[in-house]
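Asks: predicted structure and sequence below. I'll ask about it afterward.
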Amino acid sequence: MNTLEERFETLIDGIVEVGYGIADDFLSADEVTALATRLRERRAQGQFRTAGIGNQQVTVETRIRGDEIHWLDEADLTLEEAAFVQRVEEFMHYVNRTCFLGLRESEFHYALYPPGTFYKRHLDQFRTDSRRKLSVICYLNQDWQENDGGQLAIYLPQTDGQERTEIILPKGGRLVCFESGRLEHEVLPATRERLSLTGWLKTGA
Ligand SMILES: O=C(O)CCC(=O)C(=O)O
Ligand SMILES: [Fe+2]
């Protein structure tokens, strides 16, 4: 297992060199199991809603996205959730020390994509609010296989005007990070429930 700083470096190198970073062991298998369990408990308690689109997230449009989400509330975190938030915030401070992005705030939601649902190609920054600088997605799926689908497709603009597509499997413990305002991406449909914890690192007001 790499040290935390090595994982942070891997993520930053990826973002700087190719536009996105991947750390495969951001969470241990036990942490994935614990967070997936917390996700399912919260969903069973009725805390999840079908996600909306746009800044206020009021419009449900399942032809664009079909996931159910629950926003983490700082005042109501389990130990595992608090540990996850703390680790991502350590990454945020590490980024600030090395890349000077001026990140100040974070927000996180669980997401569950029922089989067959997807999130069409989009950008994570809103026209009316550009505070989201980095998107982080951590997958909570055990034993995810290629033929389970549910890949994250990232569209990378090339200097020759062409576009390259990267296809990333949502394997448990894997964290993907990219610039929210720059890279369009898409969640492909899966044959199983697809679980994740997604966050944004933001500048202040
Ligand atoms: O779960 C993923 O792989 C990406 C999710 C996403 O694009 C989003 O929630 O904005
Ligand atoms: Fe997104």
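Replies: Here it is on my side, so go on. Ligands and ions are numbered 1, 2, ... in the order given.
Asks: okay, CA-based contacts and neighbour counts for the rest of this
Replies: Noted.
Asks: excluding chain neighbours, give the residue nearest to Gly52 in space.
Replies: Closest residue to Gly52 apart from its sequence neighbours, by C-alpha to C-alpha, 6 or more residues apart in numbering: Val60 at 4.3 Å.
Asks: ok, the one you found - how many residues close by?
Replies: Using other C-alpha atoms under 10 Å, Val60 has 15 other residues around it.
Asks: for stretch 104-123, buried residues please.
Replies: The neighbour-count check on stretch 104-123 (16 or more other C-alpha atoms under 10 Å) flags 106-115, 117-121 as buried.
Asks: quick check on whichever residue of the chain sits closest to ligand 1: phi, psi?
Replies: Nearest residue of the chain to ligand 1 (C-alpha to the nearest ligand atom) works out as Leu152 at 4.6 Å. Reported as degrees, to the nearest 10, the phi and psi values for Leu152 are phi -90, psi 120.
Asks: ok, what's across the strand from it?
Replies: Ile168, Val187 (DSSP bridges).
Asks: who are the contact partners of it?
Replies: 167-170, 185-188 (C-alpha atoms under 8 Å, 6 or more residues apart in numbering).
Asks: so which of the buried residues of stretch 104-123 belong to strands?
Replies: Judged by DSSP state E, strands contain the following of the buried residues of stretch 104-123: 106-113, 119-121.
Asks: which strand residues bridge Ile137?
Replies: Val176, Thr198.
Asks: what strand or helix carries the residue of the chain positioned farthest from its centre?
Replies: Here the centre of the chain is the reference, and by C-alpha atoms, centre = their mean the most remote residue is Asp160, at 28.6 Å. Using DSSP states H and E, Asp160 sits in no helix or strand.
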